[in-house]
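Enquirer: sequence? don't have it. structure:
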């Protein structure tokens with residue numbers, strides 16, 4: 001049996017799903033190639049399954065005739081007519097469905113269109129079967145008053161509606177289920193994007209306010225240094241607000257943090273110093289933008305600067321495990337954190353945790369604290385860092 005045309009609305013689902021899941025990346029041409037390949041694969045699979053359903057029903061119908069002991073001539077005739085009628089009807093219904101979608105019809109209108117297509121097909125093939133039965137007695141239709149073309153057409157129209165329902169079950173129903181699933185994924189992605197944007201718009205003013213407070217202390221003590229740091233802050237803000245996607249390479253984020261640390265070291269000269277240890281093999285690893293900044297800020301404000309001897313230290317380390325998991329550690333030598341690992345109203349730490357949940361569900365953030373300091377550890381699996 002020829003493979004019927006799958007309704008057009010199913011052709012874009014695989015691409016939409018890939019975009020909804022965030023698995024289509026790279027240049028537009030690469031996206032198009034990947035989307036086309038995925039769409040073609042799913043289209044072929046759906047065609048095969050739908051055709052198998054229809055063939056199975058036809059075989060079941062013929063098997064019923066055989067078990068009922070009906071003559072082989074009648075069974076063969078039914079098989080011949082079904083092999084002609086069903087493919088043509090399936091193609092016609094698929095084109096009618098595409099036409100209904102293109103003209104933005106309501107469900108009731110599309111249903112009436114399908115009935116309007118199926119009915120003439122059933123009448124025509126019922127008429128043909130009746131004409132053949134008149135000349136081939138072996139195909140007798142078991143009608144009390146003999147073969148009636150009108151009755152034959154009515155029976156054909158009735159079976160055509162059954163085939164219309166079969167077509168809807170085999171082709172439209174899977175399409176509708178897949179469409180609903182993709183729309184749900186898209187809605188979830190839209191909500192996640194909106195929340196990420198909200199977190200980002202809250203984080204940037206939060207960072208700006210704290211950094212300006214750090215520079216403000218130098219305005220009277222060392223105006224020249226304050227002007228230099230304001231220029232550095234301008235560079236930081238330019239990089240922070242640029243639209244370059246939600247992910248960035250680790251080396252770029254570390255470079256940004258170094259400039260941020262320079263401002264803090266100048267503001268708290270002699271009381272704060274930073275140490276850096278970044279493995280070269282993980283510099284290209286991707287992670288959410290500005291992810292580590294709240295951890296560094298928290299380590300400075302609530303860790304290193306709370307020492308009484310002015311020997312505050314913050315260490316930033318990054319490396320990777322054998323399985324490719326990126327591990328970033330921000331450690332201070334402060335007095336440690338209280339029992340609760342996140343203070344009430346600590347927006348920075350809460351935003352880091354929530355961004356990881358949204359952008360890298362398999363990632364984790366944990367804190368280890370003692371009287372010798374606090375360590376914040378971010379672990380991001382390689383499968384969550386595809387850009």
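Expert: Ah, there it is. None of these values were measured; they are calculated from a predicted model.
Enquirer: SS state for residue 376?
Expert: Put simply, residue 376 is strand when judged by DSSP: H, G, I helix; E, B strand; the rest coil.
Enquirer: could you do residue 315 as well?
Expert: Assignment for residue 315 (three-state DSSP): strand.
Enquirer: ok, now the one 4 residues further on?
Expert: Counting by three-state DSSP, the backbone at residue 319 sits in strand.
Enquirer: identify the bridge partners of it.
Expert: Going by DSSP bridges, residue 319 is paired in beta bridges with residue 327.
Enquirer: so which bits of the helix or strand harbouring residue 156 are buried?
Expert: Using DSSP states H and E, residue 156 sits within helix 149-167. Under the neighbour-count criterion of 16 or more other C-beta atoms under 10 Å, helix 149-167 has 152-153, 155-157, 159-160, 163-164, 166-167 buried. C-beta: built from backbone N, CA, C; applies to glycine.
Enquirer: using TSV, lay out these together with pLDDT and distance to residue 358.
Expert: Formatted as TSV, the buried residues of helix 149-167 follow (pLDDT from 0 to 100; distance: C-beta to C-beta, whole Å):
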residue	pLDDT	distance to residue 358
152	79	63
153	86	61
155	82	59
156	83	57
157	86	55
159	83	53
160	84	51
163	81	47
164	83	44
166	78	43
167	78	41
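Enquirer: residue 260 - that's part of a helix, no?
Expert: Yes: counting by three-state DSSP, residue 260 is found in a helix.
Enquirer: show me what contacts the residue lying closest to residue 89 once chain neighbours are set aside?
Expert: The spatial neighbour of residue 89 that comes closest, neighbours along the chain excluded (C-beta to C-beta, 6 or more residues apart in numbering), is residue 121 at 4.9 Å. For residue 121, the contacting residues are 85, 88-89, 92, 160, by C-beta atoms under 8 Å, 6 or more residues apart in numbering.
Enquirer: please enumerate the strands of the protein.
Expert: 247-249, 272-278, 286-288, 312-320, 326-332, 364-370, 373-380 (DSSP state E).
Enquirer: quick one: contacts of the longest one?
Expert: Contacts of strand 312-320 from elsewhere in the structure, counted by C-beta under 8 Å, 6+ apart, are 250, 254, 257, 261, 268, 271-279, 281-282, 285, 292, 296, 299-300, 303-306, 326-334.
Enquirer: apply 7 Å and report the result again.
Expert: With contacts defined as C-beta atoms under 7 Å, 6 or more residues apart in numbering, strand 312-320 is touched by 250, 257, 271-279, 281-282, 285, 296, 299-300, 304-305, 326-333.
Enquirer: put the buried members of these into a ChimeraX selection.
Expert: In ChimeraX, a selection of the buried entries from the contacts of strand 312-320 looks like this (16+ other C-beta under 10 Å):
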select :250,257,272,273,274,278,282,285,296,299,300,304,305,326,328,329,330,331,332,333
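Enquirer: on that earlier part again, just checking, what packs against the helix holding residue 156?
Expert: helix 72-102, helix 107-135 (3 or more C-beta pairs under 7 Å, 6 or more residues apart in numbering; DSSP states H and E).
Enquirer: quick one: mean pLDDT for the last one?
Expert: Right, the one you point to is helix 107-135. In this model, helix 107-135 has a mean pLDDT of 83.
Enquirer: ok, now the longest one?
Expert: Here the mean pLDDT over helix 72-102 is 78, rounded to a whole number.
Enquirer: buried set for it?
Expert: Quick answer for helix 72-102 (16+ other C-beta under 10 Å): 74-75, 77-78, 81-82, 85-87, 89-90, 92-94, 96-98, 100.
Enquirer: now do that helix: which elements does it pack against?
Expert: helix 28-67, helix 107-135, helix 149-167.
Enquirer: what comes up buried for the second one?
Expert: Along helix 107-135, these residues count as buried under the neighbour rule (16+ other C-beta under 10 Å): 110, 113-114, 117-119, 121-126, 128-130, 133.
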